[in-house]
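**Q** Sharing a model prediction with you, sequence too.
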Amino acid sequence: MYFSKLYMHFLILTSHLNTAVRRCTAQHLSDVVEHMGPGRILSGIKDITDKILSAVAKFVQDGSQETRYYGRKMLFTLMTHTDFDKILEKHVLPKDLPYVKETVSSLRHKGLGEMPIVTPSAKGRRSHTGNIDNSRSNTSREVLSASDREIREIRDISRKLVPRNALESAEYVKFITALLNAKDFRDRINGIKQLLADTENNQDLIVANIVKIFDAFKSRLHDSNSKVNQVALETMHQLLRLLKE
């Protein structure tokens, strides 16, 4: 199942310093929780139940209104499980449990409500990095809009890289991780685009090597170069959608 391989790997992003990364992770995880349903999420499989509830506990206490909303939305979906309260006691850390219980009680009495509308002033209070994030967004749009031909070339290359055996698969992993970890920021950006193209064309290849590949990609989400950082963030949205079950 793509979820268990991909989302378990991305749950470490629940503590990422970038607000947008946490919000993106919460949004996509919320979609998956809704898709899988409380029965499968709370099935007692330790790796899934523990990590999902731990992530939800962090999201409902996040500094971002949108991230908190997605955390509450997941609780709202999961609390329909008949043993939900017992499962919370078992899997949520003691330091987080009181707040999670309080949130669940509020959801039971008031419902989920609408997605909060974040005003410009609220956005300005999020953090002192707001202007930097906007600058990164503008820069990334310039990088992406100026590279249509390059993307087409990468996709053409990726179609030729379908490995026929384990050796070729290992060579591909070596190639893509080297590109993602390259010294030149332009090579790292090309590596991100290559990964997206390969995920579109050769999904089984990516899933089979997801841990090694995404260890390299994850580092680009907090790359020292703002262009690489923003392209990786925007690409993550697309990767998560492509690799959903």
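**A** Structure received.

**Q** gap between stretch 61-68 and the chain center?
**A** 15 Å (C-alpha atoms, centre = their mean, to the nearest Å).

**Q** Could you do stretch 235-245 as well?
**A** 8 Å.

**Q** Please apply the same query to stretch 62-75.
**A** Distance, centroid of stretch 62-75 to centroid of chain: 14 Å (C-alpha atoms, centre = their mean).

**Q** Can I get that stretch in PDB? Just the C-alpha atoms.
**A** Extracted C-alpha coordinates of stretch 62-75, given in PDB (Å, rounded to 0.1, in the frame of the first residue of the first chain):
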ATOM      1  CA  ASP A  62       0.000  23.900  15.800                       C
ATOM      2  CA  GLY A  63       0.500  27.600  15.500                       C
ATOM      3  CA  SER A  64      -1.300  27.700  12.100                       C
ATOM      4  CA  GLN A  65      -5.100  27.900  12.100                       C
ATOM      5  CA  GLU A  66      -5.300  25.900   8.900                       C
ATOM      6  CA  THR A  67      -3.000  23.100  10.300                       C
ATOM      7  CA  ARG A  68      -5.100  23.000  13.500                       C
ATOM      8  CA  TYR A  69      -8.200  22.700  11.400                       C
ATOM      9  CA  TYR A  70      -6.900  19.700   9.500                       C
ATOM     10  CA  GLY A  71      -5.900  18.100  12.800                       C
ATOM     11  CA  ARG A  72      -9.400  18.600  14.200                       C
ATOM     12  CA  LYS A  73     -10.800  17.300  10.900                       C
ATOM     13  CA  MET A  74      -8.900  14.100  11.400                       C
ATOM     14  CA  LEU A  75     -10.100  13.700  14.900                       C
END
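
**Q** For it, give the mean pLDDT please.
**A** Across stretch 62-75, pLDDT averages out at 93.

**Q** mind giving me the domain ranges of this structure?
**A** For the chain, the TED database gives the domain ranges 1-116, 166-244.

**Q** Please compute how far the shortest one lies from its chain's middle.
**A** Read that as domain 166-244. 13 Å.

**Q** please begin residue numbering at 30 from this point
**A** All right, first residue 30 from here; so that's domain 195-273.

**Q** name the element residue 101 belongs to?
**A** Following DSSP states H and E, one finds residue 101 within helix 94-107.

**Q** The very next helix or strand once past that helix packs against which elements?
**A** Sequence-wise, the next helix or strand downstream of helix 94-107 (DSSP H and E) is helix 113-120. Applying 3 or more C-beta pairs under 8 Å, 6 or more residues apart in numbering; DSSP states H and E, we find helix 113-120 packed against helix 75-88, helix 126-139. (C-beta placed from N, C-alpha, C; glycine too.)

**Q** let's see it at 10 Å
**A** Helix 113-120 sits against helix 67-70, helix 75-88, helix 94-107, helix 126-139, with contacts defined as 3 or more C-beta pairs under 10 Å, 6 or more residues apart in numbering; DSSP states H and E.
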